[in-house]
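> structure for the following, please:
(one chain, ligands or ions: 1)
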Amino acid sequence: MEHVVTYLESQNDEGLKANFVISDTVPPQELELEQRLMSEAQLFFGSRFAPEKLTVVMFTNEDHQRAEQTLAELGGSFPNSLSEEINKRSAMGSCNFAFATQDHNGDPIYYECVDTRNFRSKLNYQNPAHEYYHLVHYSLAPVDLPLWQTEGTATFFGASLGFDELDATGMLSRDFIFATSGGFDPWGEGIDNNRLMKWMRTASEAEVIEIYQVLHGDPADRAAYAHYGLGQLATEALIASFGVPAFLDFVAECSVSSPEIAFEASFGLTMDEFYKKLTPYINAVGDWKYESIYHPPKPATWPKDLDDCDSSDPMVVGQDQSGQLVYLSCGPDSKLHPQNGAPEIDQETGWPVEN
Ligand SMILES: [Zn+2]
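Numbering: from 1, shown residues only. As a prediction, the model looks like this:
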């Protein structure tokens with residue numbers, strides 16, 4: 001995180017340079033947020049990637065036809081039917097997804113769906129920097145890198161730049177490793193939201209190497225290997241050790257050497273040696289998550305005395321409006337709200353239910 005902030009401060013701000021194609025249904029606050037986050041991503045990567053032309057297309061849950069039409073007109077590839085994707089995401093409660101590609105002229109473009117029914121969640125603040133990094137990657141090295149690097153690095157920059165102002169402690173970014181990894185199930189044991197945390201705490205060097213080696217390729221079931229979360233964690237470790245410029249040099253080097261050779265030349269160790277060195281950190285982050293679930297902060301009362309919270313405040317346990325004990329986190333309105341997806345709280349003890 002520190003590396004990211006220092007690197008950001010060293011860049012020249014020339015203002016946002018992108019062409020926004022916005023459908024009428026896009027809420028103005030979503031556009032405003034997108035432009036703000038996007039200009040930060042542009043500023044951050046400005047010395048390595050300054051496209052002549054960049055287009056951002058925003059549409060909503062109500063724009064199936066228009067989104068399809070724009071994709072056909074401007075160009076770009078999306079692996080599935082865009083209408084079906086909008087339907088699927090909308091049915092989940094919020095249309096929030098994005099993808100980076102190239103337009104008919106070969107210029108960078110990204111498409112994003114936002115929702116007319118609710119403002120994007122904090123976690124979706126990562127979208128602009130995530131997609132923007134994909135464009136940086138294609139520009140520095142138009143080649144496939146190991147999946148943990150392609151998606152993990154986008155996720156790392158998405159979280160550290162996207163959550164920046166919401167995340168003074170860096171803990172929201174760290175927790176994002178787990179938020180994207182509910183499908184972790186490399187050994188086919190069934191879905192368990194806490195499986196990644198449990199595995200990380202005791203993972204051996206050999207297991208860590210095994211999982212990351214699978215993520216060199218592109219396994220059919222990517223989510224079973226937590227490609228976003230484990231990739232984010234590995235990128236964080238590399239950037240903490242070598243800094244942002246050296247990391248981006250490595251990506252650029254992949255345009256002329258294989259990722260394995262570029263990795264060893266850039267960082268002085270093979271990928272397998274890196275995975276070994278990463279193991280104690282993986283164990284420590286697993287322990288951190290375990291503690292945050294099972295030894296959470298003491299209960300607070302709500303809404304009376306915590307009606308003016310700060311986005312950097314940790315999650316607390318408190319009562320929701322019906323008097324039930326739940327996890328609460330600070331919303332953009334500086335008020336505490338029940339946290340979606342948080343563990344259930346035992347109403348007798350006030351501690352999370354262990355599962
Ligand atoms: Zn991505």
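
> domain assignment for this structure?
Here the chain is described, according to automatic domain parsing, as comprising the domains 2-123, 147-294, 297-355.

> before we move on, which element is residue 326 in?
Counting by DSSP states H and E, the element that carries residue 326 is strand 325-330.

> no, scratch that, I was asking about residue 310
For residue 310, no secondary-structure element claims it when assigned by DSSP H and E, so it is in no helix or strand.

> skipping adjacent residues, who's closest to it in space?
residue 330 (6.2 Å; CB to CB, 6 or more residues apart in numbering). Backbone N, C-alpha and C define where each C-beta goes, glycine included.

> about what we covered before: looking at the domains of the chain, spot the one closest to residue 138.
Closest to residue 138 of those, according to CB to CB: domain 2-123, at 7.4 Å.

> the closest one - what's its average pLDDT?
Confidence over domain 2-123 (mean pLDDT, whole number) is 88.

> what ranges do the helices span in the stretch 1-150 of the chain?
Ranges of helices in the stretch 1-150 of the chain, per DSSP state H, counting those that start in this stretch, are 2-9, 28-45, 64-74, 82-91, 127-140, 147-162.

> so what does the longest one touch, helix or strand wise?
By that I understand helix 28-45. Helix 28-45 makes packing contacts with helix 2-9, strand 19-22, strand 55-60, strand 108-114, helix 127-140, helix 147-162 when contacts are defined by 3 or more CB pairs under 8 Å, 6 or more residues apart in numbering; DSSP states H and E.

> mind listing what's buried along that helix?
Neighbour counts using 16 or more other CB atoms under 10 Å place 30, 33-35, 37-45 of helix 28-45 among the buried residues.

> okay, the angle between it and strand 108-114?
Taking axes from the mean of the first three to the mean of the last three CA atoms, to 10 degrees, helix 28-45 and strand 108-114 form an angle of 150 degrees between their directions.

> for residue 24, give its distance to residue 59.
Counting by CB to CB, to the nearest Å, the gap from residue 24 to residue 59 is 10 Å.

> of the two, which one has the most company?
Taking neighbours as other CB atoms under 10 Å, residue 24 and residue 59 compare with residue 59 leading, 27 against 9.

> I'd say residue 352 and residue 294 touch.
Yes - when contacts are counted by CB atoms under 8 Å, residue 352 is listed as touching residue 294 (6.2 Å).

> compare neighbour counts for the two and give me the winner.
residue 352 (19 against 12).

> for the spatially closest residue to the more buried one that is not a sequence neighbour, what are its contacts?
On the basis of CB to CB, 6+ apart, the spatially nearest residue to residue 352 that is not a chain neighbour turns out to be residue 343, at 4.1 Å. Under the criterion of CB atoms under 8 Å, 6 or more residues apart in numbering, the contact list for residue 343 reads 293, 327, 352-353, 355.

> now for the residues you listed: which two are most distant?
Of all pairs drawn from the contacts of residue 343, the greatest distance, 14.6 Å, lies between 327 and 355 (CB to CB).

> tell me which of those two has more neighbours.
Neighbours per residue, other CB under 10 Å: of residue 327 and residue 355, the larger number sits with residue 327, 23 against 9.

> work out for me the element the nearest residue to the more buried one once chain neighbours are set aside sits within.
On the basis of CB to CB, 6+ apart, the spatially nearest residue to residue 327 that is not a chain neighbour turns out to be residue 342, at 3.5 Å. Residue 342 is located outside every helix and strand, with elements delineated by DSSP H and E.
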